[in-house]
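Asks: coords below, sequence missing:
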């Protein structure tokens, strides 16, 4: 997994609030609020309000309160400074490799680093976040003035993360289950989906009392609409997809279970987590049996060696058509659920650890040969200049190659040769450095 995409682990409450509050408060009269919630909504920068929101969130989440984490407020400039410092790569070579690889595939704008793409997305979208390392909540002041319903949701959302962290240890959970961009997005679907459901329930119970109800389908649809719109507007659609889609997928998957059984329905997801973003999607594709690659793209171009790898998952099948301008985010999502597995491998010139040239092989497996052909056709017109489709040796699989130097790409004659999972290169340090955020 790319170091910068792993850095995206800071929790967000980046959802369309106007639509969210419409979904939550349809039919709200506010007169039946339970006495325990009588202080809400309130000024979330006041400690008494923070205490009240924490107690309310713990009660709704059915998790024992264990001491409220500190809550602070910073402005957008301070947010950018802090995130930039935290995202400074321990391994600049790995950061450069991933930036180059994603640019070659059209998944990152030319000239933009993966780190900057993640940072720009975060600075533009974060309303608040919970830091699992420092055990504190940060609220971002964007100068728009307080909106009680929105502010209540934002703080309850982040405190839901804090309560889950006390129960589960989110850093350890990610270290155990996150090994790729795809599994990161899946993990985020669980943690963000739980926080969305709890935050929404706190707002609804504040407005309606113990017998509250939420139109979960409307809420999930609103969040999905907002996420897909963000993907289409984003300069780096892959980053936006990995960051935003888990809110919608997690909300839809967990909300009905929560309505039926409360926390008892959520805990099993942490015990046996779903490890692909596809498994969090809607419909039959989400229930598809695992269908992993057996042929891994490990044969390098002449004079190159493998340096790193990743599985990008459903997020890339949504992001790439958007980035290339060949399809809308929603259409790409509908088509992308035919994804079954993928592996991307980065190669560098042998003996050259600091040079800029890289080559990339990306093999994708689909549910059927027709699905593979459809995806290839959807992007075939507009591949980046140093990227091409190669013979994969399988009707259900596609193989794409890209290289900084055109002669490297042209001389890469055995790319379709199959390697094993054990042959796939993994760089140990940068892949884990940001797992706890």
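Replies: Noted; the coordinates are in hand. Please read all numbers here as calculations on a predicted model, not as lab measurements. Numbering: from 1, shown residues only.

Asks: what mean pLDDT does the longest helix along the chain get?
Replies: Ordering each helix of the chain by length in residues (DSSP state H) puts helix 181-208 first. In this model, helix 181-208 has a mean pLDDT of 95.

Asks: could you do stretch 297-308 as well?
Replies: Stretch 297-308 comes out with an average pLDDT of 96.

Asks: the stretch 51-200 of the chain: helices as residue ranges?
Replies: 76-87, 92-104, 114-125, 148-168, 170-177, 181-208 (DSSP state H, counting those that start in this stretch).

Asks: ranking those helices by burial, who's on top?
Replies: helix 181-208 (a mean of 26; mean count of other CB atoms under 10 Å). In short, each C-beta sits where N, CA and C put it, glycine included.

Asks: quick check: angle from it to helix 170-177?
Replies: 140 degrees (axes from the mean of the first three to the mean of the last three CA atoms, to 10 degrees).

Asks: what's the angle between helix 181-208 and helix 148-168?
Replies: Here helix 181-208 runs at an angle of 130 degrees relative to helix 148-168 (the same axes, to 10 degrees).

Asks: quick revisit: helix or strand right after the longest helix of the chain?
Replies: The element immediately downstream of helix 181-208 (helix or strand, assigned by DSSP states H and E) is helix 216-233.

Asks: what about that next one, distance to the chain center?
Replies: Its chain's average C-alpha position is 14 Å from that of helix 216-233, according to CA atoms, centre = their mean, to the nearest Å.

Asks: immediately after that helix, which helix or strand?
Replies: Using DSSP H and E, the helix or strand that follows helix 216-233 in sequence is helix 237-261.

Asks: may I see the buried residues of that following helix?
Replies: For helix 237-261, burial by neighbour count (16 or more other CB atoms under 10 Å) applies to 237-255, 257-258.

Asks: relative orientation of it and helix 92-104 in degrees?
Replies: 90 degrees.

Asks: who does helix 237-261 touch, helix- and strand-wise?
Replies: The contact analysis (3 or more CB pairs under 8 Å, 6 or more residues apart in numbering; DSSP states H and E) places helix 237-261 against helix 3-6, helix 114-125, helix 181-208, helix 216-233, helix 263-271, helix 314-324.

Asks: now do 10 Å
Replies: Contacts defined by 3 or more CB pairs under 10 Å, 6 or more residues apart in numbering; DSSP states H and E place helix 237-261 against helix 3-6, helix 114-125, helix 181-208, helix 216-233, helix 263-271, helix 314-324, helix 329-336.

Asks: mean confidence score for that helix?
Replies: On average, helix 237-261 scores 94.

Asks: swap in stretch 406-417?
Replies: For stretch 406-417, the per-residue pLDDT values average out at 96.

Asks: use 594 as the first number from now on
Replies: OK, 594 is where the count begins now, so the last one is stretch 999-1010.

Asks: next one: it to chain centre, how far?
Replies: 32 Å.

Asks: touching it from outside, list them.
Replies: By CB atoms under 10 Å, 6 or more residues apart in numbering, the list of residues contacting stretch 999-1010 from outside reads 697, 888-897, 938, 940, 942, 950-954, 956, 978-981, 983-987, 990, 992-996, 998.

Asks: which parts of it are buried?
Replies: Using 16+ other CB under 10 Å as the burial criterion, the residues of stretch 999-1010 that qualify are 1001-1002, 1005, 1008-1009.

Asks: thank you, goodbye.
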